[in-house]
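Trainee: Sharing a model prediction with you, sequence too.
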Amino acid sequence: AYDEVPSPNLPMPSSSIENLWTIARLRGLSTAEPGQARVLELGCASGQNLLPMAERSPGGQFLGIDFSARQIEFARTSAREVGLENVEFLELNLAELPDADLPGADGAFDYIIAHAVYSWIDATTRDRLMAGIQKHLAPQGLAFVSYNCYPGWHVHDALRAIMLYDAQMGRSTTERLAYAKNVIAFLNESLDPARPFDAAVKAQLAAVLAQSDAYLLHDHMEPVNQPVYFREFAAHAAGHQLQVAGDCILGIRFNDYLTPDAEQRLEAITADPILKEEYRDIVRNRSIRQTLLCHADVELASGLRVESIEGMYLAGNLRPEKPELDVRSVALDSYVGANGLRITTPAPLIKAALAELADAWPKYLPLPELLAGTKRRLKPEAEGSQPAEDEIDAADLTRLHENLLQACAGGVLELHAAPAPFEAKPVDKPTGSPLARWQASRASLVTNRKHEVVRMGQFERNVLQLLDGSRDAEQLAELLTKSAGEGRFPVYENQQPVTGNEAIGRAIRAALPNALELLARNAFLIAG
């Protein structure tokens with residue numbers, strides 16, 4: 001089935017080695033930094049999750065494994081056309097993993113990624129997968145394993161059973177998908193959204209119907225799709241001398257904490273941290289986990305500490321809820337993140353730090369730079385002078401660090417262990433990554449330098465393809481004008497098509513600065 005209909009394969013931001021290294025440092029692991037990392041992806045499909053990491057870390061070693069010959073060949077072709085020499089792809093059944101002599105990295109990998117594999121293989125192969133992770137993971141390494149989990153997948157189990165039952169009437173893959181989608185559409189239209197249970201099921205059905213045929217085939221209609229409870233997964237890992245080191249869905253948080261009252265009652269029920277997390281899964285009705293594993297003999301940090309953000313970088317896609325917010329005011333004010341989450345505070349010190357992050361976005365700010373900018377906002381100095389070091393007392397500084405760490409744990413701010421791998425502003429001769437330029441020449445979905453997939457407009461795609469670092473804005477405008485004049489892409493002004501070289505050139509020169517700014521804000525430009 002994976003050769004007939006390749007599985008959807010897009011970058012998984014939470015599995016990026018930059019994110020994994022940040023979490024590894026917070027957990028107390030001495031895992032290799034991305035620039036020198038040895039990375040293994042199990043079930044790599046066509047390599048679209050691994051290739052961007054290999055490009056960002058030319059000093060690293062990357063190996064992708066999959067049993068689909070068609071997808072492995074596509075991954076190899078992609079790497080060859082982009083010119084990536086630090087990544088290999090190997091056709092291999094995961095059942096052979098524990099006994100395999102893997103090329104490169106002396107068989108020990110700093111990061112192992114197994115996304116959307118564990119739940120879709122039989123019990124014997126799952127055991128071989130876990131044994132292979134244990135064998136090939138470096139002593140201080142970190143493994144990422146995503147899987148479907150209960151209780152949230154119970155509803156999906158029922159939907160999957162119905163889809164498979166109807167699909168058996170189809171003789172081809174296309175017919176099987178048509179039968180399955182038809183029954184899901186029938187159920188979706190028959191439920192009453194005024195009833196709470198029906199509304200919850202309709203939400204699940206709508207999510208299923210919105211997916212591609214390839215996703216439905218491989219996520220819901222494979223012969224094997226076995227969700228597990230968290231305690232079952234943790235026990236399986238422990239049986240292979242591996243321990244849970246966190247969950248990427250939670251970001252840098254150790255657990256998905258409930259309300260203080262609920263946590264107090266939970267403490268009275270059990271002291272087992274694994275069982276506690278499973279109870280939290282039940283309350284949250286969690287259906288997916290992205291569990292991190294390390295060797296059982298590794299000593300992990302017991303919790304997030306204020307000192308954790310020392311030496312780190314922060315970023316925040318924020319906006320003040322009030323356009324004219326005064327950071328020196330002691331009134332209760334809010335900053336809102338792009339994800340809708342907010343930080344509300346009366347403290348000028350915190351408001352000034354959030355304002356500094358908001359204005360710097362998408363740049364990552366090292367803590368000393370963030371602190372210096374915060375001081376300037378609270379007490380602007382004469383032009384060219386430096387703020388005094390003692391303007392913020394130790395207690396206030398500690399509170400600021402605590403609040404920043406809480407905001408990172410809550411997903412309002414980003415925490416990074418390394419500087420940004422992209423330019424936050426357009427430069428004189430901008431450079432786009434070879435992989436992004438290659439992708440932009442073929443499709444509208446392009447991977448940026450933050451390991452995110454961005455849907456790009458046609459004009460921005462044409463601009464990105466020309467960003468090899470040798471051209472300034474005028475040279476770019478000339479080439480774009482020539483291409484548009486030859487009919488290679490249309491140009492619009494005020495939603496109307498533009499014709500004639502002079503008018504096309506004028507429209508392109510007007511649109512180009514915004515396009516370059518958009519590419520920078522979406523992390524497509526390589527840092528110089």
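Mentor: Arrived safely. Numbers count the residues shown, from 1 in each chain.
Trainee: For this protein, give the strand that spans the most residues.
Mentor: strand 137-148 (DSSP state E).
Trainee: can you give me the offset of the following helix or strand past that strand from its chain's centre?
Mentor: Moving toward the C-terminus from strand 137-148, the next helix or strand (DSSP states H and E) is helix 153-167. Relative to the chain's own centre, helix 153-167 is displaced by 28 Å; criterion: CA atoms, centre = their mean, to the nearest Å.
Trainee: where's Y313 relative to L357, distance?
Mentor: Distance, Y313 to L357, by CB to CB, to the nearest Å: 11 Å. In this view, the C-beta of every residue, glycine as well, is placed from N, C-alpha and C.
Trainee: if I look at R328, how far off is H401?
Mentor: Distance, R328 to H401, using CB to CB: 21 Å.
Trainee: Show me what the mean pLDDT comes to for stretch 399-408.
Mentor: The average pLDDT for stretch 399-408 rounds to 94.
Trainee: Same drill for R328 and H401, tell me which one is more crowded.
Mentor: H401 (19 against 10; other CB atoms under 10 Å).
Trainee: thinking again about what came up before, list the buried ones in the longest strand of the chain?
Mentor: Using 16 or more other CB atoms under 10 Å as the test for burial, strand 137-148 gives L137, A138, G141, L142, A143, F144, V145, S146, Y147, N148.
Trainee: Pretty sure the last one sits against P227.
Mentor: Same thing as N148. Yes: contact criterion CB atoms under 8 Å: N148 and P227 qualify, at 3.9 Å.
Trainee: list the residues that contact both of these two?
Mentor: Taking CB atoms under 8 Å, 6 or more residues apart in numbering as the contact rule, N148 and P227 both touch S119, H156, S287.
Trainee: how far away is the last one from F230?
Mentor: Looking back up the chat, that one is S287. Taken as CB to CB, the span from S287 to F230 is 12 Å.
Trainee: Please apply the same query to V82.
Mentor: For V82, the distance to F230 - CB to CB - is 38 Å.
Trainee: again, but for A161
Mentor: Distance from A161 to F230, by CB to CB: 23 Å.
Trainee: between the two, which one's more packed in?
Mentor: Neighbour comparison, A161 and F230: the larger count goes to F230, with 23 against 11 (by other CB under 10 Å).
Trainee: Name the nearest residue to that one, sequence neighbours excluded.
Mentor: E278 (4.6 Å; CB to CB, 6 or more residues apart in numbering).
Trainee: and the one you found, helix, strand or coil?
Mentor: helix (DSSP: H, G, I helix; E, B strand; the rest coil).
Trainee: Over to I112?
Mentor: Secondary structure, three-state DSSP: I112 is strand.
Trainee: Repeat that for Q290.
Mentor: Quick answer, by three-state DSSP: Q290 is strand.
Trainee: Quick check: closest non-adjacent residue to it.
Mentor: Leaving out its chain neighbours, Q290 is closest to C248 (CB to CB, 6+ apart), at 3.9 Å.
Trainee: any idea how far V145 is from the one you found?
Mentor: Counting by CB to CB, the gap from C248 to V145 is 10 Å.
Trainee: shared neighbours, those two?
Mentor: Common neighbours of C248 and V145 (criterion: CB under 8 Å, 6+ apart): Q290, T291, L292.
Trainee: As a markdown table, the residues you listed with neighbour count, distance to R38 and pLDDT would be great.
Mentor: Formatted as a markdown table, the shared contacts of C248 and V145 follow (neighbours: other CB atoms under 10 Å; distance: CB to CB, whole Å; pLDDT from 0 to 100):
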| residue | neighbour count | distance to R38 | pLDDT |
| --- | --- | --- | --- |
| Q290 | 17 | 21 | 97 |
| T291 | 22 | 21 | 98 |
| L292 | 21 | 17 | 98 |
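Trainee: so which of those residues would you say is closest to L479?
Mentor: Ranked by distance to L479 (CB to CB), the shared contacts of C248 and V145 are led by Q290 at 42.2 Å.
Trainee: all helices of the stretch 1-150 of the chain, in order?
Mentor: All helices of the stretch 1-150 of the chain, identified by DSSP state H, counting those that start in this stretch, fall at 17-26, 50-56, 69-82, 123-136.
Trainee: tell me which residues of the third one are tucked away?
Mentor: Along helix 69-82, these residues count as buried under the neighbour rule (16+ other CB under 10 Å): R70, Q71, I72, F74, A75, R76, S78, A79, V82.
Trainee: go on, the last one?
Mentor: With burial defined by 16+ other CB under 10 Å, the residues of helix 123-136 counted as buried are T125, R126, D127, R128, L129, M130, A131, G132, I133, Q134, H136.
Trainee: With just CA atoms, put that helix into PDB.
Mentor: These are the backbone C-alpha positions of helix 123-136, laid out as PDB (Å, rounded to 0.1, in the frame of the first residue of the first chain):
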ATOM      1  CA  ALA A 123       3.200  -6.500  18.200                       C
ATOM      2  CA  THR A 124       6.300  -8.500  17.200                       C
ATOM      3  CA  THR A 125       7.700  -5.600  15.000                       C
ATOM      4  CA  ARG A 126       6.900  -3.100  17.800                       C
ATOM      5  CA  ASP A 127       9.100  -5.100  20.100                       C
ATOM      6  CA  ARG A 128      11.800  -5.200  17.500                       C
ATOM      7  CA  LEU A 129      11.500  -1.500  17.000                       C
ATOM      8  CA  MET A 130      12.000  -0.800  20.700                       C
ATOM      9  CA  ALA A 131      14.900  -3.200  20.800                       C
ATOM     10  CA  GLY A 132      16.400  -1.400  17.800                       C
ATOM     11  CA  ILE A 133      16.100   2.000  19.500                       C
ATOM     12  CA  GLN A 134      17.800   0.700  22.600                       C
ATOM     13  CA  LYS A 135      20.600  -0.800  20.600                       C
ATOM     14  CA  HIS A 136      21.300   2.200  18.300                       C
END
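Trainee: between the shared contacts of C248 and V145, which is nearest I309?
Mentor: L292 (19.6 Å).
Trainee: Spit out the contact partners of that closest one.
Mentor: L20, I23, R27, L142, A143, F144, V145, V244, A245, G246, D247, C248.
Trainee: Closest to A301 out of the shared contacts of C248 and V145?
Mentor: L292 (12.9 Å).
Trainee: Adding pLDDT as columns, could you present the shared contacts of N148 and P227 in JSON lines?
Mentor: Output for the shared contacts of N148 and P227, formatted as JSON lines (pLDDT from 0 to 100):
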{"residue": "S119", "pLDDT": "94"}
{"residue": "H156", "pLDDT": "82"}
{"residue": "S287", "pLDDT": "92"}
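Trainee: now the stretch 101-250 of the chain, which segments are flagged as low pLDDT?
Mentor: Residue ranges of the stretch 101-250 of the chain with pLDDT under 70: 105.
Trainee: As JSON lines, the shared contacts of C248 and V145 with distance to E493 would be great.
Mentor: Formatted as JSON lines, these follow (distance: CB to CB, whole Å):
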{"residue": "Q290", "distance to E493": "45"}
{"residue": "T291", "distance to E493": "51"}
{"residue": "L292", "distance to E493": "50"}
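Trainee: where's the spatially closest residue to D101 that is not a sequence neighbour relative to M53, distance?
Mentor: Once flanking residues are discounted, D101 sits nearest to G107: 6.8 Å by CB to CB, 6+ apart. According to CB to CB, G107 and M53 sit 20 Å apart.
Trainee: the helices in the stretch 401-528 of the chain, which residues?
Mentor: Assignment of helices within the stretch 401-528 of the chain using DSSP H, counting those that start in this stretch yields the ranges 434-440, 458-465, 473-485, 501-521.
Trainee: which outside residues touch the shortest one?
Mentor: So the one you mean is helix 434-440. 51-52, 55, 78, 81-84, 432, 445-449, 456, 460-462, 464-465, 467-468, 524.
Trainee: try the last one
Mentor: The contact list for helix 501-521, computed with CB under 8 Å, 6+ apart, reads 361-362, 422-426, 430, 432, 459-460, 463-464, 467, 473, 476-478, 480-481, 484-485, 491-493, 498, 525.
Trainee: And stretch 357-369, by the same measure?
Mentor: 309-320, 335, 356, 370, 373, 413-414, 416, 419-420, 422, 424, 450, 520-523.
Trainee: Taking these, please make a PyMOL selection of just the buried ones.
Mentor: Selection of buried members from those for PyMOL, criterion 16+ other CB under 10 Å:
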select buried, resi 309+312+313+314+315+316+317+318+319+320+335+356+370+373+413+414+416+420+422+424+450+520+521+522+523
